[in-house]
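# With the input below, show me the fold.
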Amino acid sequence: MSDPFEREIALTLDEFTSPKARSRMLASFAREQIAKTKAENELAIGRTIRPPRVSVDGKPGASIGTVRPDGVVIAEFNIETNAVAWVIRELELGSPKLSGAYRSSHVVFADGVEVSPDKVPTGAAEYVIVSDLPYAKKLDPKDGLPARSKQAPKGVYAAVAAVAARRFDDEATVRFTFREVPLRKGGSARNPAIVIRPV
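Predicted coordinates:
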């Protein structure tokens, strides 16, 4: 006959290893980690950020409490920065290759503050990518005029923005426009820009 204390331990272990208990523990752990990561990101950038996009067992938007005992919870905090990184890469690929100056002229602003393209912060309400060279507007002229580049006859920013708008339509609004930007050698200009706003 087994000891009552041993039976109590066995019952407790069974309770913690039951599928329902494992699901509860996993959900609790996921909530804690998401809250911790959100707090760390907010501390790093000095402002409140929107909650992450959560998928539970492959289902976007599902409640964390529905996770299976052996399931997976994914919280995406950097959806908008994925869009920014993709746009930068495509702008570089689509840039005329003459001197390389235009290819390296694309700058990123997060809520009006210039940031490194390699370290784009999450949580901004608006991201703007724009060239800081004065002749950028000749590659993407206003009013539907043809671009003045044989290497990019359809423009650079306008073409990338059109593709990005379709690619990221459920994650962000992406549009081609013109924005005032400080120029590399002084002064400023209203240059072609791509604006990304998380949805």
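# got the domain boundaries for this structure?
4-76, 79-198 (automatic domain parsing).
# Just give me how far the shortest one sits from the chain centre.
Which is domain 4-76. Relative to its parent chain, domain 4-76 has a centroid offset of 23 Å by CA atoms, centre = their mean, to the nearest Å.
# tell me the mean pLDDT for it?
The average pLDDT within domain 4-76 is 82.
# With stretch 191-199 instead?
Stretch 191-199 carries an average pLDDT of 92.
# Could I get the CA-only coordinates of that stretch as CSV?
Provided in CSV are the C-alpha atoms of stretch 191-199 (Å, rounded to 0.1, in the frame of the first residue of the first chain):
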residue,chain,number,x,y,z
ASN,A,191,11.9,64.7,-53.0
PRO,A,192,10.1,61.5,-53.9
ALA,A,193,9.3,59.4,-50.8
ILE,A,194,7.7,56.2,-49.7
VAL,A,195,5.5,56.5,-46.6
ILE,A,196,4.7,53.4,-44.5
ARG,A,197,2.1,53.4,-41.8
PRO,A,198,1.4,50.3,-39.8
VAL,A,199,-2.3,49.2,-39.8
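# Flag every buried residue along the longest helix seen in the chain.
Ranked by residue count under DSSP state H, the longest helix found in the chain is helix 19-45. For helix 19-45, the neighbour count (16 or more other CB atoms under 10 Å) marks 22-23, 26-27, 30, 34, 38, 41, 45 as buried. Backbone N, C-alpha and C define where each C-beta goes, glycine included.
# between these, which is closest to Glu180?
For those, the minimum distance to Glu180 (CB to CB) is 23.8 Å, reached by Ile45.
# which residues touch Ile194?
Contact analysis of Ile194 by CB atoms under 8 Å, 6 or more residues apart in numbering lists 87, 91, 128-130, 157, 160-161, 164, 174-177.
# Just the buried residues out of these, in ChimeraX syntax.
This is the ChimeraX syntax for the buried subset of the contacts of Ile194, where burial follows 16+ other CB under 10 Å:
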select :87,91,128,129,130,157,160,161,164,174,176
